[in-house]
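In: Need coordinates for the following:
(one chain, ligands or ions: 1)
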Amino acid sequence: MSSVDLGIPLAVRAELAVRGVRTITAVRRGPGAGPSDDGHLVVDGGNLALPIDPGSPYILRDGRIFEDDLILEDGLILKDGRAGERDLGIVAEPVTRPRFYDLSTADGVPYRQIALLHGADVLASTVVQTCIRYAERERCRFCAIEESLRAGSTVAAKTPEHLAEVAAAAHRLDGVRQMVLTTGTTAGPDRGARHLARCVRAVRAAVPGLPIQVQIEPPGDLSSIDELHAAGASAIGIHVESLDEAARRSWMPGKGSVPMAEYEAAWDRAVAVFGRNRVSTYLLIGLGEDPDELVAGAAGLIGRGVYPFVVPLRVLPGTLADRDGARGPDPAVVADVTGRVGALLRDAGMSGADQGAGCAACGACSALPAAGG
Ligand code: SF4
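Out: The predicted model follows:
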């Protein structure tokens, strides 16, 4: 199940992306690496990841999404407005709990602590759950990578053998069709890429043909990118999160200190090795950037063969952003920016599905599939 247009109008998709839904989903990411903490749904054959928010004006009920006039005060429901609800015409089913979640390794590690199901068919793991940038003055303000470790819901470092075992089970029992491997930044010059390459080799040996996307910071030694490709990764994400220097400094004091020239060199090497539209980067909407500049930056990325995966900022529990009272972006801005980036991608003939693996191929966290991206 790859990135497909779910038939949801872009304005509605952007509203849902920012305001989320009220529901109980069987498959839900807890706070962890990166910007997403969502419940997973299947809509019209595609994956949809939405924030689960008990204060959302949208509700998933009886397999459909409704807008109602729920009134909240101090988190308490004062009025459940079924009488005034509006059917958005979206047929959605929560992703069911996968069977591999019931298994453990021979040495007693639950598979669920090694990798998680995203959407209906994406297996995802953060292979190193710690980050050298997690001190408060360095940490990305939207990231909660070490919180899930503290909560005991994952293990600090996943071995290649464990990942291969879980991938084989998830493929066999639950029909997983692609895998995403990300990592917290490690201290070595490869920024964690070498361990990722070992993990990719092990998974590919266990499940030949399973497309895998790897996600890294620009490695100091660009040959790590070649090694990841040689190991069998089919796509790579090198995530800058923002092209706005002020946003980079304020939202990502540690990672934002990596010069843009290093990102550009890494993207170019990755496009040379993996191919055009096999390389992607996250661009977050809502870090205070100018929307026109964001779209112009996305156009520049598309020109160099890099897919800009535009996603609204999600303020996760346990992050510095949450502590400081940050809010998500205006849904109208999300719709505007996503629509314009989607049009640029269409003009360039770049579709997320063509990445084969990774977030652009999955598409669940972005409104881009609703914009033709
Ligand atoms: S877009 Fe990426 S983070 Fe979101 S559900 Fe898909 S694979 Fe997971």
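
In: Looking at this structure, which helix is longest?
Out: helix 331-348 (DSSP state H).

In: in that helix, what's buried?
Out: 331, 333-342, 344-345 (16 or more other Cβ atoms under 10 Å). Bear in mind the C-beta positions are built from the backbone N, C-alpha and C, glycine included.

In: Now do that helix: distance to the chain's middle.
Out: 18 Å (Cα atoms, centre = their mean, to the nearest Å).

In: and what of stretch 9-20?
Out: With Cα atoms, centre = their mean, you get 16 Å for stretch 9-20.

In: Pull out the buried residues from that stretch.
Out: For stretch 9-20, burial by neighbour count (16+ other Cβ under 10 Å) applies to Leu10, Ala11, Val12, Arg13, Ala14, Glu15, Leu16, Ala17, Val18, Arg19, Gly20.

In: Turn those into CSV, columns for distance to the ligand.
Out: Formatted as CSV, the buried residues of stretch 9-20 follow (distance: Cβ to the nearest ligand atom, whole Å):
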residue, distance to the ligand
Leu10, 17
Ala11, 20
Val12, 19
Arg13, 14
Ala14, 16
Glu15, 18
Leu16, 14
Ala17, 11
Val18, 15
Arg19, 17
Gly20, 14
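
In: could I get the residues you listed as a markdown table with secondary structure and pLDDT?
Out: Output for the buried residues of stretch 9-20, formatted as a markdown table (DSSP: H, G, I helix; E, B strand; the rest coil; pLDDT from 0 to 100):
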| residue | secondary structure | pLDDT |
| --- | --- | --- |
| Leu10 | helix | 93 |
| Ala11 | helix | 92 |
| Val12 | helix | 91 |
| Arg13 | helix | 92 |
| Ala14 | helix | 94 |
| Glu15 | helix | 93 |
| Leu16 | helix | 93 |
| Ala17 | helix | 92 |
| Val18 | helix | 93 |
| Arg19 | helix | 91 |
| Gly20 | coil | 91 |
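
In: Pick the one among these closest to Ala124.
Out: Top of the list for closeness to Ala124, among the buried residues of stretch 9-20 and by Cβ to Cβ, is Ala17 at 18.8 Å.

In: Contact residues of this structure facing the ligand?
Out: If contact is defined as Cβ under 6 Å from any ligand atom, the residues of the chain in contact with the ligand are Ser36, Ala49, His118, Gly119, Val122, Ala124, Val180, Cys359, Cys362, Ala364, Cys365.

In: May I see the residues you listed organised as CSV, with neighbour count added?
Out: CSV is the format used below for the residues of the chain next to the ligand (neighbours: other Cβ atoms under 10 Å):
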residue, neighbour count
Ser36, 22
Ala49, 28
His118, 25
Gly119, 25
Val122, 26
Ala124, 24
Val180, 24
Cys359, 32
Cys362, 30
Ala364, 25
Cys365, 26
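
In: Take the residues you listed and keep only those in strands.
Out: If you go by DSSP state E, those have Ala49, His118, Val122, Ala124, Val180 in strands.

In: Now Ala202, what are its backbone angles?
Out: phi -70, psi -40 (degrees, to the nearest 10).

In: pretty sure it is touching Lys158, no?
Out: No. Taking contacts as Cβ atoms under 8 Å, Ala202 lies outside contact range of Lys158: 10.2 Å.

In: Compare these two and say which is more crowded by neighbours.
Out: Remark: of Ala202 and Lys158, Lys158 carries more neighbours, 23 against 20, as counted by other Cβ atoms under 10 Å.

In: Neighbours of the residue nearest to that one when sequence neighbours are not counted, how many?
Out: Spatial nearest neighbour of Lys158, chain neighbours left out: Val127 (4.8 Å); criterion: Cβ to Cβ, 6 or more residues apart in numbering. Neighbour count for Val127, taken as other Cβ under 10 Å: 25.

In: residue contacts, Val127?
Out: Ala157, Lys158, Leu163, Leu181, Thr182, Thr183, Gly192, His195, Leu196, Cys199 (Cβ atoms under 8 Å, 6 or more residues apart in numbering).

In: just for this structure, where's the confidence low?
Out: Counting by pLDDT under 70, the chain shows low-confidence ranges at 1-6, 24-37, 69-84.

In: rerun at 80
Out: 1-7, 23-38, 44-45, 68-85 (pLDDT under 80).

In: give me the element the closest residue to Gly256 other than its chain neighbours is part of.
Out: Spatial nearest neighbour of Gly256, excluding adjacent residues (Cβ to Cβ, 6+ apart): Arg248 at 3.4 Å. Per DSSP states H and E, Arg248 falls inside helix 245-251.

In: in the chain, which spans are helices?
Out: Assigned by DSSP H, the helices in the chain fall at 10-19, 147-150, 160-174, 193-206, 223-231, 245-251, 260-274, 291-303, 320-323, 331-348, 359-362.

In: Return the most buried member of the ones you listed.
Out: Of the helices of the chain, the one with the most neighbours on average (mean count of other Cβ atoms under 10 Å) is helix 359-362, at a mean of 30.

In: Now do that one: which elements does it pack against?
Out: Applying 3 or more Cβ pairs under 8 Å, 6 or more residues apart in numbering; DSSP states H and E, one finds that helix 359-362 contacts strand 178-182, strand 235-238, strand 279-285, strand 306-312.

In: Show me how far it is from its chain's centre.
Out: Distance, centroid of helix 359-362 to centroid of chain: 8 Å (Cα atoms, centre = their mean).

In: which residues are contacting that helix?
Out: With Cβ under 8 Å, 6+ apart, helix 359-362 has contacts from 2-3, 47, 118-119, 122, 178, 180, 211, 213, 235, 237, 280, 282, 307, 309, 352-355, 365-366, 368.
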